[in-house]
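Chemist: Based on what follows, work out the 3D shape:
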Amino acid sequence: MKLKRILLWSSAALFLLFATLWSVKNGSGVMGGGVVSQKKMEAVKQKLTETEADTPLSFSLFSEDQRIPFDEGSRTFYYPVEKGGSLPGASDFYAEDTLLLFAHDPAGGGAAACEEMMRQNGSVDFIAVRDKQYTLCHLKPVGLPVMDFSPTDQTDDKGQPLFLMRLYEAAEEGVKVTECLSSASLRGNTSLTYEKKSLRLRLKKEKEGEIVKKKVRLLGMRKDDDWILNSLYADPSRIRDKLCMDLWKETGAGDNPYGITMGVEGEYVEVIIGGGYTGLYLLSYPVDRKLLSMDSVSDQMKEGKSPIERIYKKKYTAPLEKAAFEGALPDPGSPDLRGGYYLKGDTILQNEEEWEGLRQLAECYEADEKEFSERIFKICDKRSLLENWLFYQAIAGFDNENKNHYYVTRKKGDALVGYFIPWDMNISFGCVYEENAYYCAQSDESVEEPVRFEPGQRAFEENADGFAKEASDLWTQWRRGVFSDASLTERMDALSEKLKESGALAREQERWPEGNADGDLSFMKDFTNRRLSYLDGLLR
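Modeler: Residues are numbered from 1 along each chain as shown. Just a heads-up that it's a prediction; the model follows:
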């Protein structure tokens with residue numbers, strides 16, 4: 001009797017398997033997904049062999065003709081879902097020559113169930129059946145775009161390997177996919193020591209047998225071929241860079257006579273490289289001549305323009321001294337580096353003229369009080385210096401006071417006028433530089449100290465041309481808007497909640513257990529309230 005029952009169950013399991021295969025397979029070998037009970041799932045699995053844990057996946061998962069990105073090691077597929085949306089049903093997923101059996105319908109429970117699953121970093125389990133073997137897999141709804149890089153056998157014109165980059169975004173109907181080739185290189189300074197790396201991307205396409213640039217608009221930002229993936233590894237909250245980008249865009253970025261935005265944007269993505277989930281990143285782009293609507297250095301020279309407009313990036317801490325921009329190069333091996341600044345542009349001549357804008361600024365900074373006051377706002381734009389100095393005070397950007405900014409010189413008549421642009425603002429709102437694994441720690445020791453961003457700090461202390469009064473008036477204006485207590489708290493909460501409800505923060509912590517990712521904003525909020533109060537007194 002017992003033997004008969006075993007034979008009956010075995011026959012039922014086989015019948016179920018073949019019946020399902022028959023019902024979902026079409027003429028092209030594509031098989032759709034089906035939902036079976038846990039009991040039937042176990043019966044099917046008992047008649048098959050489970051694939052070894054280190055065996056590469058033998059299939060790709062599709063929905064609406066789109067390949068779903070996956071992590072090979074955990075056999076997890078990531079499906080971007082809009083806020084208030086849900087996963088497609090089991091029958092909407094398919095694979096070639098592979099049967100998909102889901103433990104329950106991915107669309108079951110609708111938007112509410114999907115939202116809770118994302119927040120809990122949960123997934124729907126399914127088995128993929130092929131060649132008398134099954135593989136246990138997981139389908140995970142995610143609330144952020146996913147950027148997936150797959151290796152190719154192609155290289156760019158410099159011999160660098162090219163990846164096939166696919167950016168998956170939740171759309172009203174299914175998933176929108178942007179696809180192109182891309183090279184990738186490590187970027188950063190101290191961040192190069194991090195376990196999790198930041199990357200510089202150069203988007204490409206094949207045209208008439210050649211690999212050329214491809215400009216693409218990503219996540220609503222500018223259309224370009226040059227992009228940055230910021231690992232966000234130093235900041236425990238993972239929101240400071242994005243928060244500061246947004247705040248600067250709404251305060252000083254657009255306040256210039258050129259009608260441009262002197263600042264960058266950033267959008268969160270989750271990244272998969274070569275079938276391995278890599279974590280949460282901020283996709284952004286560099287400060288360059290395209291952003292600033294400037295002609296290239298070579299074009300300016302061809303047209304006989306003088307003086308030449310230039311971009312300088314302060315990458316290393318160094319005092320602002322005239323001597324740094326005069327005489328022989330301090331390091332002949334680095335013709336684009338002086339005084340902690342990198343000279344940007346397509347033509348480097350290795351002469352003093354290239355550094356004239358910074359030489360003038362440093363010379364003025366070293367002058368006596370009277371000369372400084374008379375000259376400073378002829379050399380650099382007053383509003384730009386004022387807004388940058390005040391912005392660093394507001395965000396407590398101590399890592400920006402003597403590095404991590406751009407200085408851009410533009411023509412005004414026969415002279416050069418400089419503009420400052422913030423950059424790399426993760427050391428802010430209570431984060432300070434520290435010699436540890438992250439080169440960062442949360443500390444309130446400097447909550448009531450000024451950020452000595454020169455020459456703005458000197459202009460404030462000496463009230464050059466009424467600078468202190470204008471700073472006070474501007475602070476009053478900002479405090480009524482984006483830097484009000486309520487506004488800042490709401491922004492912090494909204495960004496942090498986005499990372500939590502999408503499941504991205506949990507996945508970041510899971511992927512980088514030795515990292516410092518933490519969704520607790522209590523220190524950051526307390527520091528910010530105390531910082532704003534200090535500035536209210538300083539700028540009254």
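Chemist: you'd agree Ser58 is up against Thr98?
Modeler: Yes. Counting by Cβ atoms under 8 Å, Ser58 does reach Thr98; the two are 7.3 Å apart. Any C-beta I mention is one placed from the backbone N, CA and C, and that applies to glycine too.
Chemist: which neighbours do those two share?
Modeler: Common neighbours of Ser58 and Thr98, counting by Cβ atoms under 8 Å, 6 or more residues apart in numbering, are Ala128, Arg130.
Chemist: the more surrounded of these two?
Modeler: Thr98 (22 against 15; other Cβ atoms under 10 Å).
Chemist: Just confirm Glu470 contacts Glu387, I think it does.
Modeler: No. When contacts are counted by Cβ under 8 Å, Glu470 is not listed as touching Glu387 (10.0 Å).
Chemist: Between those two, point out the one with more neighbours.
Modeler: Neighbours per residue (other Cβ under 10 Å) separate Glu470 from Glu387, with Glu387 holding more: 26 against 18.
Chemist: Kindly state the beta-bridge partners for Tyr168.
Modeler: Beta-bridge partners for Tyr168, by DSSP bridges, are Val146, Val177.
Chemist: Next up, the contacts around it.
Modeler: By Cβ under 8 Å, 6+ apart, the contact list for Tyr168 reads Gln66, Pro69, Tyr78, Pro80, Pro145, Val146, Met147, Asp148, Val175, Lys176, Val177.
Chemist: Please, where are all the helices along the stretch 201-350 of the chain?
Modeler: Applying DSSP state H, counting those that start in this stretch to the stretch 201-350 of the chain gives helices spanning 240-250, 297-302.
Chemist: Also the chain?
Modeler: If DSSP state H is used as the criterion, the helices of the chain fall at 2-24, 38-46, 110-119, 240-250, 297-302, 356-365, 369-379, 382-395, 456-461, 467-480, 485-501, 504-511, 522-538.
Chemist: Which neighbouring elements make contact with the last one?
Modeler: Based on contacts counted as 3 or more Cβ pairs under 8 Å, 6 or more residues apart in numbering; DSSP states H and E, the elements that helix 522-538 packs against are helix 382-395, strand 441-442, helix 467-480, helix 485-501.
Chemist: go on, the third one?
Modeler: Other elements packing on helix 110-119 under the criterion 3+ Cβ pairs under 8 Å, 6+ apart are strand 133-142, helix 485-501.
Chemist: Now do Arg410 against Ala253, distance only.
Modeler: 16 Å (Cβ to Cβ, to the nearest Å).
Chemist: Buried deepest among the helices and strands packed on helix 522-538, which one?
Modeler: For these, the largest average neighbour count (mean count of other Cβ atoms under 10 Å) is found in helix 382-395, namely a mean of 24.
Chemist: what residues are up against the most centrally placed residue in the chain?
Modeler: Among the residues of the chain, Leu282 comes closest to the average C-alpha position under Cα atoms, centre = their mean, at 1.1 Å. For Leu282, the contact set (Cβ under 8 Å, 6+ apart) comprises Leu229, Asn230, Leu232, Asp241, Lys242, Gly266, Glu267, Tyr268, Val269.
Chemist: at 7 Å instead, please
Modeler: Asn230, Leu232, Asp241, Lys242, Gly266, Tyr268 (Cβ atoms under 7 Å, 6 or more residues apart in numbering).
Chemist: Next, count neighbours for the third one.
Modeler: Same thing as Asp241. There are 23 residues near Asp241, going by other Cβ under 10 Å.
Chemist: circling back to that earlier point, out of the contacts of Leu282, who's nearest Ser484?
Modeler: Closest approach between those and Ser484, by Cβ to Cβ: Lys242, at 19.1 Å.
Chemist: Give the burial count for that closest one, as a bare number.
Modeler: Look at Lys242: counted by other Cβ under 10 Å, it has 25 neighbours.
Chemist: now Ile239
Modeler: Ile239 has 28 neighbours, counted by other Cβ under 10 Å.
Chemist: for Leu167, same thing?
Modeler: 20.
Chemist: Give me the nearest residue to it, chain neighbours excluded.
Modeler: Leaving aside its chain neighbours, Leu167 sits nearest to Thr178 (4.4 Å; criterion: Cβ to Cβ, 6 or more residues apart in numbering).
Chemist: I figured the one you found was touching Ala171, is that so?
Modeler: No. Thr178 is beyond contact range of Ala171, at 11.2 Å (criterion: Cβ atoms under 7 Å).
Chemist: Those two: which is more packed in?
Modeler: Higher neighbour count among Thr178 and Ala171: Thr178, with 16 against 13, using other Cβ under 10 Å.
Chemist: which ones are touching that one?
Modeler: Counting by Cβ under 7 Å, 6+ apart, Thr178 touches Leu167, Val216, Leu218.
Chemist: Could you report the pLDDT at the second one?
Modeler: The one in question is Val216. Val216 is assigned a predicted lDDT (pLDDT) of 97.
Chemist: The nearest residue to it once chain neighbours are set aside: neighbour count?
Modeler: Nearest residue to Val216, sequence neighbours excluded (Cβ to Cβ, 6+ apart): Leu203, at 5.5 Å. Leu203 is flanked by 19 other residues according to other Cβ under 10 Å.
Chemist: again with Arg202
Modeler: Under the neighbour criterion other Cβ under 10 Å, Arg202 is assigned a count of 18.
Chemist: which residue packs closest to it, ignoring adjacent ones?
Modeler: Leaving aside its chain neighbours, Arg202 sits nearest to Ser183 (4.7 Å; criterion: Cβ to Cβ, 6+ apart).
Chemist: How about Val447?
Modeler: Distances taken as Cβ to Cβ, 6+ apart put Arg530 closest to Val447, at 5.0 Å, once the chain neighbours are dropped.
Chemist: which sections of this protein are below the confidence cut-off?
Modeler: 1-28 (pLDDT under 70).
Chemist: before we move on, back to that, where's the residue nearest to Val447 relative to Glu448, distance?
Modeler: Plainly put, Arg530 is 8 Å away from Glu448 if you go by Cβ to Cβ.
Chemist: swap in Tyr78?
Modeler: To Glu448, Tyr78 is 44 Å away according to Cβ to Cβ.
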